[in-house]
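**Student:** How does the following fold in three dimensions:
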Amino acid sequence: MTRYLSLALLVLAAPAIAPAAELPKPLLEGLVNPESVAIGTDGKMYLSVMGEPGKAGGGSIVRIDNGKPVAVVSDLDAPKGIAFFGPWIFIVDKTKVLRVDLNPRFGGGVKVDMLAPANAFPVPPVALNDIAIDPESGTVFVSDSGAKGTGGAVYSISFNGLVKTVVNEKTLPALNEPNGLAMDGASHLLLADFGTGILYRIKLADGSSEKLADGMDGADGVTWDNYGRLFVSSWKTGKLFGIPKPGAKPVLVAEGFQSAADTCLDPTGQFILVPDMKAGTLTAIPAQVPGFEVDTSALPIKTEVAFPDLKWAGWNTDAEAGKVVPLRPIVLTHANDGSNRVFVATQHGVVHAFPNDQKATETKLFLDIQKRVQYSDQTNEEGFLGMAFHPKFKETGEVFVFYTPRAERTANVVSRFRLSKTDPTALDPESEEEVLRYTKRPFWNHDGGTICFGPDGYLYIAHGDGGAGNDPHDNGQTLSNWFGKILRIDIDNKADGKNYAIPKDNPFVGVKDAKPEIYAYGLRNVWRMSFDRKTGQLWAADVGQNLFEEINLITKGGNYGWNRREGLHPFGARGTGVAKEYIEPIWEYNHSIGKSITGGTVYRGKALPELEGHYLYADYVTSKVWALKYDEKAGRVTANRSIKDPAKPVMSFGEDEPGELYFLTVSNTGKGIYRFVK
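**Tutor:** Residues are numbered from 1 along each chain as shown. Here you go, the predicted model:
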């Protein structure tokens, strides 16, 4: 096994902090001035090797194959920054930028194009250095370090080679030697100034900038990990710094390099790869910030089908057209009435009930309103989306549901149903009382739909921002509507002609032009929220758009930033950095990990004590499942531990009366409920 392939194993052996005298053994040695490292689309490491100083044509790009460097692009002058986008590797070579196809479909070898020669720049470049690429548009950004603290700039280069100035000494007078670059979202750029040790954030829409951090003399490489932590290398001091989250101060991660150059995250996501130019080495440093370590070890837990013998009343796998109609369980919950029954609602609008017994064989219909519910696979964010039992269900016999009505496609409703007078084991479909209606829903997606009761007895309702992309109507930040919000209402009382009342302590009661039902806002599309049954804390997972998924702790009146923020990053032309008016998520993950978060619940069961106090969540696209631990006193996440991938898209989580957790997935066989076991 090569040292490269052993990176994951090194996590167990490598120290969380790498002191000067104890740097890990390099992955590679004997390189001649290695400057920049990047991970190719093939998952392999690529390095720019500058070669002997002053020797034109002696530079190259090497790929690490079986632990050894193999040249893939040669005859370069002084290659520094490299980055991948699509099938290309982009190379900064002294005063020009190259675009190289390493695997051209015709002709073999490599295809080298001149993206931007020296005469394409507004000012003749002096010392082009680092590179970053917009992950959406493919726009290339390069830094020119200038000479002796003057003449530095950052440029953008379009796909057809048009070069424009982003910042220079006129727009950013404090600029000294611009070096390391990294995207911050898709609309902002991070810039490390080698001469001053300052890290800037630049808004690409207007070139304005703000200082994020300082004290990193000789700042060179800038690298995000997959969870919003930032790492900055220092060429001058041979140090690697970590910033645990935007706005925090840099923390020393490792030291002892001769000249730590342009870094990147390794393919496992667990290491920062650091080229050392003077030493001629490449070293892997654990991607942990001292004092802010996060346990990412796997849990000794797996998933298995729950209630394997269950037959679903009224569910027929064969549609009229002869196609299988998959079971789409969307909610699993309990009545909190001492009966220990399990209730599962499907997205088509049928609620099933059955005993909480792994040997259970059949369900009983608890509610069937599928003729009222709009659902199709083409608009699969609609349908029956939420259900919550009244906290005193044993006394009231009331259940609340959230669904998309078939009769009016531009609406979502929250309705109350009551137990049948003739069959107390089922709800009466004719007892429906509409409580609340979302009207003029702009688009079919981002319906949210979670409803749950808080420890205060009020009903909490989540709805997305209205759909499409970018929140085109700015609903997330507009208090005059219910989209992109969590609402809080009193369903035990009625007032002002409504089938509910407004809690007097709701945060926007009496605020001009604000809907008094709003409890929290600035959310894109909360896909599952839940209360911790022990602490009463409301957790919400908010599905991201372009690059990041996030987990939030919801507080009264909180603004969670959408669409000015996505995760821990600015979003769009109006995006901002950390600001007092926005509550930051406690955790995020990059779209290299997953692309659609499914929120879960804090585990308070008895069967798996190792999960106690952990928030279970998943990613719908990649089927990954994690258990996250949040230290309330420290105000940070201390663990994000993986659970063996079930290889099933996780639609939703659910909790039974004793507190055991399950997740739900689409099934053609009816086996759509899974549980966690040792």
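**Student:** Next one: Thr171 relative to Ala127, how far apart?
**Tutor:** According to C-beta to C-beta, to the nearest Å, Thr171 and Ala127 sit 19 Å apart. Any C-beta I mention is one placed from the backbone N, CA and C, and that applies to glycine too.
**Student:** Quick check: nearest residue in space to Arg488, chain neighbours excluded?
**Tutor:** Spatially, and ignoring its direct neighbours in sequence, Arg488 is nearest to Tyr519 (3.8 Å; C-beta to C-beta, 6 or more residues apart in numbering).
**Student:** Report the secondary structure element holding the one you found.
**Tutor:** Assigned by DSSP states H and E, Tyr519 falls within strand 518-521.
**Student:** helices and strands of this structure: which one bottoms out on pLDDT?
**Tutor:** Least confident helix or strand, the chain: helix 7-13 with a mean of 37, by mean pLDDT, DSSP states H and E.
**Student:** can I get the CA coordinates of the very next helix or strand once past that one in PDB?
**Tutor:** Next along the chain after helix 7-13, taking DSSP H and E as the criterion, comes strand 34-39. Written as PDB, here are the backbone C-alpha positions of strand 34-39 (Å, rounded to 0.1, in the frame of the first residue of the first chain):
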ATOM      1  CA  PRO A  34       7.300  22.200  -4.800                       C
ATOM      2  CA  GLU A  35       4.900  25.200  -4.600                       C
ATOM      3  CA  SER A  36       1.300  24.200  -5.000                       C
ATOM      4  CA  VAL A  37      -0.800  21.000  -4.500                       C
ATOM      5  CA  ALA A  38      -4.300  20.200  -5.800                       C
ATOM      6  CA  ILE A  39      -6.500  17.200  -6.000                       C
END
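**Student:** could you say what helices and strands strand 34-39 packs with?
**Tutor:** Under the contact definition 3 or more C-beta pairs under 8 Å, 6 or more residues apart in numbering; DSSP states H and E, strand 34-39 sits against strand 45-49, strand 79-85, strand 264-265, strand 271-276, strand 281-286.
**Student:** 6 Å instead?
**Tutor:** With contacts taken as 3 or more C-beta pairs under 6 Å, 6 or more residues apart in numbering; DSSP states H and E, strand 34-39 sits against strand 45-49, strand 79-85, strand 271-276.
**Student:** For it, give me every contacting residue.
**Tutor:** 46-50, 80-84, 261-262, 264, 267, 273, 275, 277 (C-beta atoms under 6 Å, 6 or more residues apart in numbering).
**Student:** Check whether the residue nearest the centre of the chain sits in a helix, strand or coil.
**Tutor:** Centroid-nearest residue in the chain: Glu549, 2.1 Å away (criterion: C-alpha atoms, centre = their mean). When classified by DSSP: H, G, I helix; E, B strand; the rest coil, Glu549 comes out as strand.
**Student:** any weak-confidence spans in the chain?
**Tutor:** Confidence mapping of the chain against pLDDT under 70 gives the ranges 1-21, 106-108, 317-322.
**Student:** Let's see that with 80 instead.
**Tutor:** In the predicted model of the chain, residues 1-22, 54-56, 104-108, 316-324, 409 satisfy pLDDT under 80.
**Student:** what are the ranges of the helices in it?
**Tutor:** Taking DSSP state H, the helices of the chain run over residues 7-13, 393-396.
**Student:** need the contact list for Ala260.
**Tutor:** If you count contacts by C-beta under 6 Å, 6+ apart, Ala260 has them with Ser233, Ser234, Gly238, Leu240, Val274.
**Student:** what's the closest residue to it other than its chain neighbours in contact with, if anything?
**Tutor:** Closest residue in space to Ala260, ignoring its immediate chain neighbours: Ser233 at 3.9 Å, by C-beta to C-beta, 6+ apart. Contacts for Ser233 (C-beta under 6 Å, 6+ apart) come out as Asp220, Gly221, Leu240, Ala260, Thr263.
**Student:** Show me what the fourth one is bridged to.
**Tutor:** What it means is Ala260. For Ala260, the beta-bridge partners under DSSP bridges are Asp276.
**Student:** who are the neighbours in contact with Met183?
**Tutor:** Neighbours of Met183 in contact, by C-beta under 6 Å, 6+ apart: Ala132.
**Student:** separation between it and Leu204?
**Tutor:** As judged by C-beta to C-beta, Met183 and Leu204 stand 9 Å apart.
**Student:** Go through the contacts of Ser233 and say which is closest to Asp134.
**Tutor:** Of all the contacts of Ser233, Asp134 sits closest to Gly221, with 18.7 Å by C-beta to C-beta.
**Student:** That closest one contacts Gly180, doesn't it?
**Tutor:** Yes: if you go by C-beta atoms under 6 Å, Gly221 and Gly180 touch, sitting 5.1 Å apart.
**Student:** My guess is Ala306 contacts Ile673. True?
**Tutor:** Yes: when contacts are counted by C-beta under 6 Å, Ala306 is listed as touching Ile673 (4.5 Å).
**Student:** what touches both of these two?
**Tutor:** Both Ala306 and Ile673 are contacted by Tyr662, under the criterion C-beta under 6 Å, 6+ apart.
**Student:** circling back to that earlier point, the contacts of Ser233, buried ones only, as a ChimeraX selection?
**Tutor:** Selection of the buried residues among the contacts of Ser233 in ChimeraX, burial being defined by 16 or more other C-beta atoms under 10 Å:
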select :220,221,240,260,263
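**Student:** In CSV: the contacts of Ser233, plus distance to Glu398.
**Tutor:** Listed next are those as CSV, based on distance: C-beta to C-beta, whole Å:
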residue, distance to Glu398
Asp220, 62
Gly221, 59
Leu240, 58
Ala260, 63
Thr263, 57
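**Student:** out of the contacts of Ser233, what pair is the most spread apart?
**Tutor:** Farthest apart among those by C-beta to C-beta are Asp220 and Leu240. That separation is 9.9 Å.
**Student:** mind listing the strands for the stretch 151-300 of the chain?
**Tutor:** 153-157, 163-168, 178-184, 188-193, 199-203, 209-213, 219-224, 230-234, 239-243, 251-255, 264-265, 271-276, 281-286 (DSSP state E, counting those that start in this stretch).
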